[in-house]
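S.K.: Sequence below, structure please.
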Amino acid sequence: MNASAALDWLFSTQFFGIKLGLENTRKLLTAAGADRPDATVVHVAGTNGKGSICAMIEALARAKGYKTGLFTSPHLVEFAERICVNGEMIPRDALAAEIFFMKNLAEGWEQPPTFFELALAVALRHFISNGADFIILETGLGGRLDATNALRKDISVLAPIGLDHQQYLGNTLAEIAGEKAAIIAPGKPVVTAVQEPEAMAVIERTARERLSPLTVARANSGTPRPSLPGPHQIENAALALETMKQLNALPESALIERALKSLQWPGRFERIGAPPLVLDGAHNEHAARVLAATWNEEFPGQKAALVFAAAADKQIRDMIPVFREIAGEWHLVPCSSPRIMPAEDMAALLKNLVSEPVFIHSSLSEGLRKAVESPLPALAAGSLFLLGDLKALLHRTEKRTTSQ
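M.R.: All right, here's what the predicted structure looks like:
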């Protein structure tokens, strides 16, 4: 089975949907020999910033001399982006072999593994076979019932928590925080970002009940500024540094500076070309506020030609007033994901909510061209699906669409 055929099969398992629960995940990981990696395991949950924080922890661990395994989601263009050893994506032949192994292993199961469970198992097997001794796992959805929570861990890390995925996680900040705080392992340390009081109360209670030492990471004047733009990334760096400190794995100061200054993470205020097109994965109100603050710092006094698309199941009405703070014009575009609201429906939603010019484009390439031709600097935001489509378009490569 070549890589293309292997990925065809793996992506077909998305039809099984999202199954929140750990019993089948544990069964799969045990059968695959991936349930007990001989490594330090860091588990990261939260609403926004998880990917950036995972990337910082990975860079710091590598600077300390560890061989790292990093599992993140979703991918933007290539599935292999989700699985990296020492910063290198899983090779296509190794990916094909692991998927083929999982296909044969799970064949005939009464409850077939989900796409995300299989992806996690493939990642862990790749990490183990390559001798990774420091593994960072980003939760896919929530925490309590996410497949990544089936694995034992050495430390839990909580990124900023906000409202998102309410249909799965609950309608209040306390409910969502409860789902995410459930990754806290009894007796193991937990590090959290500064949270809203409602979320912090839940985290403190969960840590206390599980006898897990809790540390709140706070940036100060001595926190090194990473290469990723935005004031929030200093807070993310503080969280990553405190995580490494709790593991007694902090590199020396010069290596910390070098690791954080050389950091790259796609789709997080990522600049492409000159004049730049900025790509940002902000897809909820909290992330939109962070993006607006970063935009105003990087482009003071300037509005954006905003290439915009968003998933229909998101709280789009809550995002729009925040995006209006930085949008000088709106360019609505179609995307490959079926979850994205059609541009025409988005225009109808915006009609009574914005006063800036709104343009509906029949193709992504047309919308991108018009935004780049605008006298305003161009920004694409609203969905990671949009960013993946744009990167595939710009690099003239094929993208495999995923809903997970």
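S.K.: the helices in the stretch 1-150 of the chain, which residues?
M.R.: In the stretch 1-150 of the chain, the helices defined using DSSP state H, counting those that start in this stretch lie at 3-12, 23-31, 50-64, 92-106, 115-129.
S.K.: Tell me which of the ones you listed lies nearest to E252.
M.R.: helix 50-64 (8.6 Å; C-beta to C-beta). Where you see a C-beta, it was placed from the backbone N, CA and C, and this is true even at glycine.
S.K.: Return the set of buried residues in the closest one.
M.R.: Buried residues in helix 50-64, counted by 16 or more other C-beta atoms under 10 Å: 50-64.
S.K.: and that helix, what's its mean pLDDT?
M.R.: For helix 50-64, mean pLDDT is 97.
S.K.: any idea how far it is from the chain center?
M.R.: Taking C-alpha atoms, centre = their mean, to the nearest Å, the mean C-alpha location of helix 50-64 is offset from the chain mean by 13 Å.
S.K.: So which elements touch that helix?
M.R.: On a contact count with 3 or more C-beta pairs under 8 Å, 6 or more residues apart in numbering; DSSP states H and E, helix 50-64 meets strand 40-45, strand 68-71, strand 134-138, helix 232-246, helix 253-261.
S.K.: by contact count, what packs against the second one?
M.R.: Secondary-structure packing of strand 68-71 (3+ C-beta pairs under 8 Å, 6+ apart): helix 50-64, strand 83-85, helix 115-129, strand 134-138.
S.K.: redo that, cut-off 10 Å
M.R.: Counting contacts by 3 or more C-beta pairs under 10 Å, 6 or more residues apart in numbering; DSSP states H and E, strand 68-71 is packed against strand 40-45, helix 50-64, strand 83-85, helix 115-129, strand 134-138.
S.K.: any weak-confidence spans in the stretch 301-404 of the chain?
M.R.: 402-404 (pLDDT under 70).
S.K.: Could I get the full set of strands for it?
M.R.: Ranges of strands in the stretch 301-404 of the chain, per DSSP state E, counting those that start in this stretch, are 304-308, 327-332, 358-360, 378-381.
S.K.: among those, which is nearest E110?
M.R.: Closest to E110 of the strands of the stretch 301-404 of the chain is strand 378-381 (C-beta to C-beta; 42.2 Å).
S.K.: got the domain boundaries for the protein?
M.R.: 3-261, 270-394 (automatic domain parsing).
S.K.: closest to T401 out of those?
M.R.: Per C-beta to C-beta, nearest to T401 of the domains of the chain: domain 270-394, 4.6 Å.
S.K.: distance of R152 from N130?
M.R.: Distance of R152 to N130, given as C-beta to C-beta, to the nearest Å: 20 Å.
S.K.: Oops, could you answer that again for I256 instead?
M.R.: According to C-beta to C-beta, I256 and N130 sit 25 Å apart.
S.K.: picking up where we left off before, and the helices and strands packed on strand 68-71: which comes nearest K180?
M.R.: strand 40-45 (4.4 Å).
S.K.: Check which helices and strands that closest one is in contact with.
M.R.: With contacts defined as 3+ C-beta pairs under 10 Å, 6+ apart, strand 40-45 has these neighbours: helix 50-64, strand 68-71, strand 134-138, strand 155-158, helix 173-181, strand 190-192, helix 232-246.
S.K.: Just the buried residues of the second one, please?
M.R.: It refers to strand 68-71. In strand 68-71, counting by 16+ other C-beta under 10 Å, buried: T68, G69, L70, F71.
S.K.: Next, format these as JSON lines and append distance to A121.
M.R.: Shown next, in JSON lines, are these (distance: C-beta to C-beta, whole Å):
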{"residue": "T68", "distance to A121": "19"}
{"residue": "G69", "distance to A121": "13"}
{"residue": "L70", "distance to A121": "16"}
{"residue": "F71", "distance to A121": "10"}
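S.K.: I'd like the residues you listed as JSON lines, with distance to L263 and pLDDT appended.
M.R.: JSON lines is the format used below for these (distance: C-beta to C-beta, whole Å; pLDDT from 0 to 100):
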{"residue": "T68", "distance to L263": "13", "pLDDT": "98"}
{"residue": "G69", "distance to L263": "18", "pLDDT": "98"}
{"residue": "L70", "distance to L263": "13", "pLDDT": "98"}
{"residue": "F71", "distance to L263": "18", "pLDDT": "98"}
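S.K.: What segments of the stretch 201-350 of the chain are helices?
M.R.: With DSSP H, counting those that start in this stretch as the criterion, the stretch 201-350 of the chain has helices spanning 232-246, 253-261, 285-298, 316-324, 343-350.
S.K.: what about M341, distance to F385?
M.R.: The spacing between M341 and F385, counted by C-beta to C-beta, is 11 Å.
S.K.: Tell me how far the residue nearest the centre of the chain lies from I272.
M.R.: Computing the C-alpha centroid of the chain and ranking residues by C-alpha atoms, centre = their mean puts G51 first, at 4.2 Å. For G51, the distance to I272 equals 18 Å [C-beta to C-beta].
S.K.: same check, this time on P229
M.R.: Counting by C-beta to C-beta, the gap from P229 to I272 is 13 Å.
S.K.: of the two, who's got more company?
M.R.: For P229 versus I272, the count of surrounding residues by other C-beta atoms under 10 Å is larger for P229: 18 against 14.
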